[in-house]
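> here is the input, now give the coordinates:
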Amino acid sequence: MHYTLRQLEVFVAVAQHESVSHAARALAMSQSATSTALAELERQFDCQLLDRIGKRLKLNALGFQLLPKAVALLDRGEEIEELLRGQKGVGSLDVGATLTIGNYLATLLISDFMQRHPGSRVRLAVRNTRHIIEGVRQHSLDLGLIEGQCDDEMIISQPWVEDELCVFCSPRHPLAGREHLELEQLLREDWIMREEGSGTRMTLEHAARHRRSRFNTLLELEHTEGIKRAVESGLGIGCVSRLALRDAFRRGSLVPLPTPELDLKRQFTFIWHRHKYLTTGVREFLRLCREMTAGAKRSDDIALPPIP
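Numbers count the residues shown, from 1 in each chain. Prediction:
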């Protein structure tokens, strides 16, 4: 074998960060040592793995083929190292979750995971659906938990649990308490919306795609709790997961609005790269996710501690 795991680790880091200096910082190496390791790997096999485009290093065709295989080999190497050291953990795990899942489910799952496997290391990135899919595609995330579907051919998707969005308003809003509302009435209202690229925004816009009228977006926010607070203050109406609303509905600080014309059902979904080696840690985390939602028909049926 004419290459080392360190060389592959450097190659993967440079591919993910598109920069030798950023990769060096991520690996806690000097920039010269990082550059030398990558150059030596290419020299040994008389090949080039990355092309310089402007200030960034981009994978070429050979590098693109090598990346998933290098990531898989490094994952297996980490498992072997854990085994030889006699550690009880399941290695490191990089999880990406969309906002609803990240805020209401993922932190509880990670807490349970780390209590069961105290030697493990878990990093959680909470982003919108578009960013989580990109992270999985670029191998910077081992596993993604997203709202809705992913049609990327390089990514494997598995349904987790059904979720449903709900349009809601303040109990002081003029529409509060209505038993029937036309969609055109709702579209005329001021909306507090999630940003472009979020699974929630995509599901809502897809549900209303058959109407010529567009949403009257007053404000875009990247945080579910921010949307709830803005709606509660009377700025407009919103639409987020019932999972995020059930405690507010119980308290009466927010109220649901009827939307019989909109199909707001969707799936929470697991995603990982098609060429990803599923480590013991990934498989165990998936098992805990399914254990948490066992018996729940929908996300807001999951047994969770109340949110104040």
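> how far away is the nearest residue to Asp190 once chain neighbours are set aside from Glu195?
Leaving aside its chain neighbours, Asp190 sits nearest to Gly236 (3.4 Å; criterion: CB to CB, 6 or more residues apart in numbering). In short, each C-beta sits where N, CA and C put it, glycine included. Noted for Gly236: a distance of 16 Å to Glu195, by CB to CB, to the nearest Å.
> which of these two has more neighbours?
Gly236 (20 against 14; other CB atoms under 10 Å).
> run through the residues that contact the residue nearest to Asp190.
By CB atoms under 8 Å, 6 or more residues apart in numbering, the contact list for Gly236 reads Cys169, Glu189, Asp190, Trp191, Ile192, Leu218, Leu219, Ala230.
> got CSV for those, with neighbour count and secondary structure too?
As requested, the contacts of Gly236 are exported to CSV (neighbours: other CB atoms under 10 Å; DSSP: H, G, I helix; E, B strand; the rest coil):
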residue, neighbour count, secondary structure
Cys169, 24, strand
Glu189, 18, coil
Asp190, 16, strand
Trp191, 23, strand
Ile192, 23, strand
Leu218, 14, strand
Leu219, 15, strand
Ala230, 20, helix
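> can you give me the pLDDT of the residue nearest to Asp190?
On pLDDT, Gly236 comes in at 97.
> that older thread, identify the farthest-apart pair in the contacts of Gly236.
Greatest spatial distance in the contacts of Gly236: Cys169 and Leu219, 14.3 Å, computed using CB to CB.
> list the contacts for Val240?
Thr100, Leu165, Cys166, Phe168, Arg194, Thr200, Thr224, Ile227, Lys228.
> closest to Leu145 out of these?
Closest to Leu145, out of all of these and judged by CB to CB, is Thr100, at 9.6 Å.
> nearest spatial neighbour of the closest one, chain-adjacent residues omitted?
The nearest residue in space to Thr100 (CB to CB, 6+ apart) is Ser241, at 4.6 Å.
> per-residue confidence at the one you found?
The model reports Ser241 with a pLDDT of 97.
> wait, what's in contact with it?
Taking CB under 8 Å, 6+ apart as the test, what Ser241 contacts is Thr100, Glu147, Asp163, Glu164, Leu165, Cys166, Thr200, Thr224, Ser299, Asp300.
> what helices or strands is the helix or strand bottoming out on mean pLDDT in the chain leaning on?
Taking mean pLDDT, DSSP states H and E as the measure, the chain has helix 61-84 as its least confident helix or strand, at a mean of 86. Under the contact criterion of 3 or more CB pairs under 8 Å, 6 or more residues apart in numbering; DSSP states H and E, helix 61-84 touches helix 5-17.
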